[in-house]
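Chemist: Here's a sequence, model it:
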Amino acid sequence: MGRVAGTDVDPRRRPKNREETRRRLLQAAAAEFAANGFTDTSIEQIVARAGYTRGAFYSNFGSKDELFLAIMQHRMDEVARDLVELAAYEDEEEMFAALAEQATRRPTRQLESAFVLSIEFWLYAMRNPPVRRKVARQYAAARKKMGTALGEICRRFGLEPSLDLDDLAAAILALDAGALLQHYIDPKGVPADLPTRVVRQFLAAG
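Modeler: Predicted coordinates:
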């Protein structure tokens, strides 16, 4: 039995449209949180920036907290993905070239916005124990994925790290956050690519 024209949407288009709606909501929320802070950003501001209604928001997220955690997960996936990409290289020099490219992949202003957003995330999580526990699980999963990638890199290039790989992954995350904080306060004193150069020094140590 055929569909009545105008009463439904082709089912084959639904996943793509839903994915696009979710992506735009995440992008709008990230921009609003970075500019105004998590607490002072309303759902109305987010949907207005994304070009949707509150209905579109609640069809994708149950609350602003859930949206917050989705953005946090996306950030963690980005960090882990960089190391996973490096673990795929067979040639050491090609891997180092890819590492250098990762440092310049996004414009400085975009990186600064992302970092401001990450501070918002940490502060909000620290002040909200239920959210803190969920963020802790996200970080644990990211460290595990990064540790696996680091282990593959070390085996491939004959490196013998002195730290447990999960601890090393945590140290890289901490270095990245701390160095970026110093860079945005003192850009001449602390270059933005410092974490990348330190990681390269570690990888080349063997």
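Chemist: Hmm, A177 is touching Y139, no?
Modeler: No. With contact defined as CB atoms under 8 Å, A177 does not count as touching Y139 (11.3 Å). Any C-beta I mention is one placed from the backbone N, CA and C, and that applies to glycine too.
Chemist: secondary structure element for the residue nearest the centre of the chain?
Modeler: Computing the C-alpha centroid of the chain and ranking residues by CA atoms, centre = their mean puts R75 first, at 1.1 Å. Here R75, judged by DSSP states H and E, is contained in helix 64-87.
Chemist: who touches the helix or strand immediately after that helix in the chain?
Modeler: Next along the chain after helix 64-87, taking DSSP H and E as the criterion, comes helix 92-103. When contacts are defined by CB atoms under 8 Å, 6 or more residues apart in numbering, helix 92-103 is touched by residues 82, 85-86, 89, 153, 157, 192-193, 196, 199-200, 203-204.
Chemist: Where do the domain boundaries of the protein fall?
Modeler: As given by automatic domain parsing, the domain ranges for the chain are 10-61, 63-204.
Chemist: Please tabulate those in TSV, including the columns mean pLDDT.
Modeler: Rendered in TSV, the data for these read as follows (pLDDT from 0 to 100):
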stretch	mean pLDDT
domain 10-61	86
domain 63-204	84
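Chemist: Apply the buried test to the contacts of helix 92-103 and list what passes.
Modeler: When the contacts of helix 92-103 are checked for burial by 16 or more other CB atoms under 10 Å, the buried set is D82, L86, Y89, I153, A192, T196, V199, R200, L203.
Chemist: what angle do the biggest helix by length in the chain and helix 92-103 make?
Modeler: Longest helix in the chain by number of residues, with DSSP state H as the criterion: helix 129-157. For helix 129-157 against helix 92-103, the angle between stretch directions is 150 degrees (axes from the mean of the first three to the mean of the last three CA atoms, to 10 degrees).
Chemist: elements contacting the helix or strand that helix 129-157 is followed by?
Modeler: Per DSSP H and E, helix 129-157 leads on to helix 165-185 as the next helix or strand towards the C-terminus. Using 3 or more CB pairs under 8 Å, 6 or more residues apart in numbering; DSSP states H and E as the contact definition, the elements that helix 165-185 packs against are helix 64-87, helix 108-127, helix 129-157, helix 194-204.
Chemist: so how far is the last one off the chain centroid?
Modeler: Same thing as helix 194-204. Using CA atoms, centre = their mean, to the nearest Å, we find the averaged C-alpha position of helix 194-204 to lie 20 Å away from the chain's own average C-alpha position.
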